[in-house]
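Engineer: Generate coordinates for the sequence data below:
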Amino acid sequence: MSNVPSAWTNLSWKTRFSMSILSFGMKLSFRSDGSINRRLLNFFDIKAPPSSKPTNGVKSSDFTLDPSRNLWFRLYIPTTNGDDNAFNIPLIFYFHGGGFVLAQANSIGSDNICRRLAKQLNSAVISINYRNTPEHKYPSQIEDGFDVLSFIDNNTNFQGFPNSVNLINCFIAGDSAGGNLAHHVATKASENEFKNLKIIGVIAIQPFFGGQERTEAESRVVGAPFINVQGTDLLWRMFLPEGADRDHPAANVFGPKSKDISGLKFPATIVIVGGFDPLQDWQKRYYEGLKKAGKEAYLIEYPNAFHAFYSIPELEEASLFIDEVREFMKRQCVKRFD
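Structural biologist: As a prediction, the model looks like this:
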């Protein structure tokens, strides 16, 4: 396999340049002792403000839950002619990617993705600003995510939350590291009872999973954009508890140390995989693990897609991805009334 997919080489030079600069900034910010130069990293991490007035059919606003841990979320609402859409739109809880290290809910990349999801899926989106590692290791991020779900479950009448949202049609989604968090928060949600929320689906977009073993794809897909084995090893050391290896359940969710989820009412899950992603074998094992546990799961593969392809609207696969997720959400919403 060629190390660089045509989907990457065919991108506009502006897109490749901007994404390469961000990747370079992230690598430059890593210190040899495993810490992060946050000041330098933030220089490359451009932020986008919320927009109370509709922009391209979506408006957004920020809400703070706990200033002491910088726990807040950005709410995206699709609009038509400046008004909220009709009643009964789904709600997506979203976890951004970035290796648990990079980005926040207001990072321009995260903001762009959530705006696209809100508009093209006709859904409200809550983008969760969870704490970053290595300053805050696992399970801080899962705790932050679950606390936001609990807040919405108990506080749907706060100013700015639209009546158009149907809380019985909720999804948990995330890309890359956010896909990992989506799984763990969905697991925690399956172990608890909500008063109003009904989580009916998980959208795992090239989720970041791993293990001690070196998979075939990790050895074969070398030189692909954004991600490599050396980088993922470093991210796991930053994220996992001190002394843990990559078979920790936070990384290897169906590995030798994982817990059995067959008895949980885990939501239906769609898993998005790219053929030029070194993580693809772990993502397929995740799908297989869900099926083995008796859960409803769907695997969607794009052979020419690299890691983070979904963030680039000019790619054909990015549009196909939106279509697949839309159909998945429709199926799950309809099933509730079958």
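
Engineer: Give the burial count for Pro241, as a bare number.
Structural biologist: 10 (other C-beta atoms under 10 Å). Every residue, glycine included, has its C-beta placed from N, CA and C.

Engineer: what's the spacing between it and His248?
Structural biologist: Taking C-beta to C-beta, to the nearest Å as the measure, Pro241 and His248 are separated by 7 Å.

Engineer: repeat for Ser60
Structural biologist: Taking C-beta to C-beta as the measure, Ser60 falls 35 Å from His248.

Engineer: who has more neighbours, those two?
Structural biologist: When Ser60 and His248 are compared for neighbours, Ser60 comes out ahead with 24 against 21, by other C-beta under 10 Å.

Engineer: Now do the helix or strand the more buried one falls within, average pLDDT.
Structural biologist: Here Ser60, judged by DSSP states H and E, is contained in strand 58-66. Mean per-residue pLDDT for strand 58-66: 96.

Engineer: With stretch 120-133 instead?
Structural biologist: Rounded mean pLDDT across stretch 120-133 is 97.

Engineer: Quote the end-to-end distance of that stretch.
Structural biologist: 31 Å (C-alpha to C-alpha, to the nearest Å).

Engineer: now swap in stretch 172-181 and tell me
Structural biologist: 9 Å.

Engineer: when you give positions from now on, start the count at 560
Structural biologist: From this message on, residue numbering opens at 560, which makes the last subject stretch 731-740.

Engineer: Please enumerate residues in contact with it?
Structural biologist: Outside stretch 731-740, the residues that touch it by C-beta atoms under 8 Å, 6 or more residues apart in numbering are 651-659, 672, 676, 689, 700-701, 704, 708, 741, 744-745, 748, 758, 760-768, 794, 798, 809-810, 812, 826, 866-867, 869-870.

Engineer: looking at this protein, which helix or strand is least sure?
Structural biologist: strand 642-643 (a mean of 50; mean pLDDT, DSSP states H and E).

Engineer: tell me the contacts of the residue nearest to Arg690 when sequence neighbours are not counted?
Structural biologist: Among residues not flanking Arg690 along the chain, Ser699 sits closest, at 4.7 Å (C-beta to C-beta, 6 or more residues apart in numbering). Residues near Ser699 by C-beta under 8 Å, 6+ apart: Arg628, Tyr689, Arg690, Thr692.

Engineer: Kindly indicate which of these lies nearest Ala664.
Structural biologist: Closest approach between those and Ala664, by C-beta to C-beta: Tyr689, at 8.3 Å.

Engineer: all helices of the protein, in order?
Structural biologist: In the chain, the helices defined using DSSP state H lie at 565-568, 572-588, 597-603, 667-679, 699-713, 736-749, 775-779, 788-798, 839-851, 875-894.

Engineer: Nearest approach to Leu624 belongs to which of the ones you listed?
Structural biologist: Closest of the helices of the chain to Leu624 is helix 699-713, at 5.6 Å (criterion: C-beta to C-beta).
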